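**Student:** what's the 3D shape of this:
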Amino acid sequence: MVGGDEIQNDGWLRATRYVLIFTGACYLLVIGPVIIEHKFHDAHMSPDFTHALEIGARVVMLAVCGGAAALNFAAAWGLARGKKWAWIMALVLGGLYAPSICMPLGGVILYGLLREPVRRRYLDGPATPG
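**Tutor:** Okay, here's the model as predicted:
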């Protein structure tokens, strides 16, 4: 069995962590602001109402995208520390990304986590000497 230090130097596992960090950053910096940028201006609606609607939508998108980003960052952090919960969380995220437009990112995550030495390390725990 591959030890904890050796598995953390694995290139695919490192790429998996980078993909999770990249995806989290995209949620914060790109997806939330782009989705909310459509305007809520309708000639038949009160400007006060559209302003309140826009503020409400921004708060909701901040919560949704911030939460998605936090999940990605937490999974990357936990993987770096060898946590089983992070491996499971990253698998779920990779499974969600794989059938979407983020297929290449989901593919890297799933391939990086489902290879035998990595899977064994996170399911069985670190190898014990002797």
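**Student:** Where does the prediction get shaky in the chain?
**Tutor:** Applying pLDDT under 70 to the chain picks out residues 1-8, 32, 35-49, 126-130.
**Student:** please redo it, this time with the cut-off set to 80
**Tutor:** Applying pLDDT under 80 to the predicted model, the residue ranges of the chain that meet it are 1-10, 31-55, 57-58, 125-130.
**Student:** Please go through it and pick out the longest helix.
**Tutor:** When the chain is parsed with DSSP state H, its longest helix is helix 47-80.
**Student:** Buried residues, that helix. List them.
**Tutor:** Judged by neighbour count (16 or more other Cβ atoms under 10 Å), helix 47-80 contains these buried residues: 61, 65, 68, 69, 71, 72, 73, 74, 75, 76, 78, 79. C-beta coordinates here come from the backbone N, C-alpha and C atoms, glycine included.
**Student:** from those, which is closest to residue 55?
**Tutor:** Using Cβ to Cβ, residue 61 is the member of the buried residues of helix 47-80 that lies nearest residue 55, at 10.9 Å.
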